[in-house]
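S.K.: structure of the sequence below:
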Amino acid sequence: MIWKANSNQTLFDLAIQLYGDISYAVKIASDNNLPLTAQTSTGQEIVYDLAGVSTGIQLQLINNRKTIATGFLASDPPLPPVIQRSYNNDFNLDFN
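M.R.: Reported below is the predicted structural model:
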């Protein structure tokens, strides 16, 4: 199946959106040849396979027309440094 992504959906957002389980972020990255820290752009096609997956969470999101997108847009002018430090793409504790 193919999902047309919204801007700033992370692979973790997509894992919940499409599979209902954040652990599927690794599968999405592998299936789409993306780094785990990727953020999507509007209309980007993401391949996924629901064979054997049924958590019900993804159906609730689709039926209620909810989209998960926790990534950040680049802003112009740039955000103040204190706000830029609030998100860390490397998923470590270093926010400098």
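S.K.: next one: the nearest residue to Thr10 once chain neighbours are set aside from Asn6, what distance?
M.R.: The shortest distance from Thr10 to any non-neighbouring residue, by CB to CB, 6 or more residues apart in numbering, is to Gly71 (5.0 Å). Using the backbone N, CA and C atoms, a C-beta is placed for each residue, glycine as well. Look at Gly71 and Asn6: by CB to CB, to the nearest Å, they are 9 Å apart.
S.K.: residue ranges with poor pLDDT in this protein?
M.R.: Along the chain, segments meeting pLDDT under 70 span 52, 54, 72-96.
S.K.: what segments of the chain are strands?
M.R.: 2-4, 45-47 (DSSP state E).
S.K.: reformat these as TSV; add mean neighbour count and distance to Gln58.
M.R.: TSV is the format used below for those (neighbours: other CB atoms under 10 Å; distance: least, CB to CB, whole Å):
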stretch	mean neighbour count	distance to Gln58
strand 2-4	12	10
strand 45-47	14	13
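S.K.: make a markdown table from those and add distance to Gly20 to it.
M.R.: Shown next, in a markdown table, are those (distance: least, CB to CB, whole Å):
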| stretch | distance to Gly20 |
| --- | --- |
| strand 2-4 | 13 |
| strand 45-47 | 15 |
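S.K.: and of those, who's closest to Ile28?
M.R.: With CB to CB as the measure, strand 45-47 is the member of these nearest Ile28 (6.6 Å).
S.K.: pairing partners for that closest one, with directions?
M.R.: strand 2-4 (antiparallel) (DSSP bridges).
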